[in-house]
Every structure is written in structure tokens, then in C-alpha cells.
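**Q** please work out how this folds:
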Amino acid sequence: MSVKERLTDALNLPKDLTLGAVILTITGKHEAYVENYMSLIEYTDERIRIQTRTCKLEIHGTGLDIAYYTNEEMKITGELLEVKYC
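**A** Alright, predicted model coming up:
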């Protein structure tokens, strides 16, 4: 654990703000919201790969679609089968 991570934990600061951590919110198995991402690496109807500040995020499923995106967040719909942090 880095000094920055320990300090964030000790002061109970939000990790998304201090460390740029990705926020992934999954609603059921058909909707995901990704916040604090940097770029889209790959986008097919079966796999979406996203670069975050701290890692790569892979979402596997069927009928995947990016319903909307901004510079800070995106909404993914479809049948979500697997999420990987790489």
C-alpha cells in the first residue's frame, strides 16, 4: 500500500477523488455505470475494454452497448456476464 493510499485511508477520504479510482456501479445484470475512466480501448457487442487511471477494466457479455458517455462517465447496457480488473 502506498503512502497516498495509507493517508487516504487514515483520513477517511474518498478514494475516487484522491486516488482517481474507478467507480463501477452495476444494476442487476443489464446495466453498468463506469465513472473516472480515461479512454475506451475496445468496444464490441461481447466485450468492452476501458482504461482507467489505475487499471484496465473489461466487461464481457452479450448485446453490450454504450448507451451514453461523457468525459467522466459511461452507461453500458446489455447482458453483463463478467467483469475483470486487469
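**Q** what number of residues lie near Arg47?
**A** Applying other Cβ atoms under 10 Å, we find 15 residues neighbouring Arg47. All C-beta spots, glycine's among them, are computed from the backbone N, C-alpha and C.
**Q** nope, Cys55 is what I meant
**A** Cys55 has 13 neighbours, counted by other Cβ under 10 Å.
**Q** contact partners for it?
**A** Cys55 makes contacts with Val22, Tyr85, Cys86, as judged by Cβ atoms under 8 Å, 6 or more residues apart in numbering.
**Q** kindly report the same for Val83.
**A** Contacts of Val83 (Cβ under 8 Å, 6+ apart): Leu24, Ile26, Ala32, Leu57, Glu58, Ile59, His60.
**Q** do you know how far Leu81 is from Lys56?
**A** 18 Å (Cβ to Cβ, to the nearest Å).
**Q** looking at these two, which is more packed in?
**A** Comparing Leu81 with Lys56 by other Cβ under 10 Å, the one with more neighbours is Lys56, at 15 against 12.
**Q** hang on, the earlier thing: narrow the contacts of Cys55 to those that are buried.
**A** Among the contacts of Cys55, those scoring as buried are Val22 (criterion: 16 or more other Cβ atoms under 10 Å).
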